[in-house]
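Q: A predicted structure for the sequence below; I have some questions about it.
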Amino acid sequence: MLVAAAVCPCPPLLVPDVAAGAAPELDAARAACTDALGVLAAARPDLLVVVGPAGESGRGPHPEGARGSFRGFGVDLDVRLGGNGTESTSVPSGPVLPPSLAVAAWLLGRTDWSHAPVEGLGVGEPLAAERCIEAGEQIAARARRVALLVMGDSSACRTLKAPGYLDERAAGFDAEVARALGTADVAALKALDAEPAYELKASGRAPWQVLAGAAQGAGLTGTLLYEDAPYGVGYMVATWS
């Protein structure tokens, strides 16, 4: 059963080594993510599952210890999922973590997560809502006390300089997502339309719907810790407990 969840953004810029001189711009987001992970730890889960968007090569399950890297972003920094988040020679071979789960591994490493086993799940942007919800239901049934760390960004079309340019629908879309995440509105997340989410480049749509499936009947309440669009991309941090 799902006992807690944290929702965090997943831009590699969240990692200061990647952001370099622009790192201070996301200090508030990093602090909110740390607070959100504290809520997960306080729930004392038996299992933590990290869910994030992934391209074809990163989709599917990723075991504890799976390796990730920010070398593709010009930074000599490797991570692994679980443990203390740092790379080691004992990291198992297999698919490399997609960037969203690598960011999650970095966040967990900052808090020295050791509260429960950690697993990852990369979900594709096209995954239908019904399948996302089903995946969430299956995750929630895996242990007596399950926690989720859900990675994903909202629209990337908030400003003229945003990755997706300016789209007048973006602000309204982000406001509804922020409301749903901040109030643990399972029905609203289930009802998110994949087509406008895709058009607005909202990478979090599928992971949020996995959360909605996992949270059905759990009776959790939500808190929105952070909401901003510093680069024209909607970044949100929320907790459910």
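A: Arrived safely. Numbering: from 1, shown residues only.

Q: What residues sit buried inside stretch 203-218?
A: For stretch 203-218, the neighbour count (16 or more other CB atoms under 10 Å) marks 203-215, 218 as buried. No exception for glycine: its C-beta is placed from N, CA and C like everyone else's.

Q: so how far is Phe70 from Leu13?
A: According to CB to CB, to the nearest Å, Leu13 stands 11 Å off from Phe70.

Q: How about the longest helix seen in the chain, which residues are buried there?
A: Of all the segments of type helix in the chain, defined by DSSP state H, the longest one is helix 27-42. Residues of helix 27-42 classed as buried: 29-30, 32-33, 36-37, 39-41 (neighbour count, 16+ other CB under 10 Å).

Q: before we move on, what about stretch 74-82?
A: Within stretch 74-82, judged by 16+ other CB under 10 Å, the buried ones are 75, 77-82.

Q: Same question for stretch 173-186.
A: Buried-residue list, stretch 173-186, by 16+ other CB under 10 Å: 173-174, 176-178, 180-182, 184-186.

Q: can you give me how far it is from the chain middle?
A: 15 Å (CA atoms, centre = their mean, to the nearest Å).

Q: Equivalent analysis for stretch 204-211, please.
A: 9 Å.

Q: then that stretch to CSV, C-alphas only?
A: Coordinates of the C-alpha atoms in stretch 204-211 are reproduced here as CSV (Å, rounded to 0.1, in the frame of the first residue of the first chain):
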residue,chain,number,x,y,z
GLY,A,204,5.8,14.3,-16.0
ARG,A,205,2.3,13.2,-17.3
ALA,A,206,2.9,9.5,-17.4
PRO,A,207,4.8,9.3,-14.0
TRP,A,208,2.1,11.4,-12.4
GLN,A,209,-0.5,9.0,-13.6
VAL,A,210,1.5,6.1,-12.2
LEU,A,211,1.3,7.9,-8.9
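
Q: Quick check: closest non-adjacent residue to Ala197.
A: Nearest residue to Ala197, sequence neighbours excluded (CB to CB, 6 or more residues apart in numbering): Arg205, at 3.8 Å.

Q: still on that earlier bit, now, which of the buried residues of stretch 173-186 sits nearest Ala20?
A: Asp174 (26.5 Å; CB to CB).

Q: Quick check: Ala19 vs Glu227, distance?
A: Distance from Ala19 to Glu227, by CB to CB: 19 Å.
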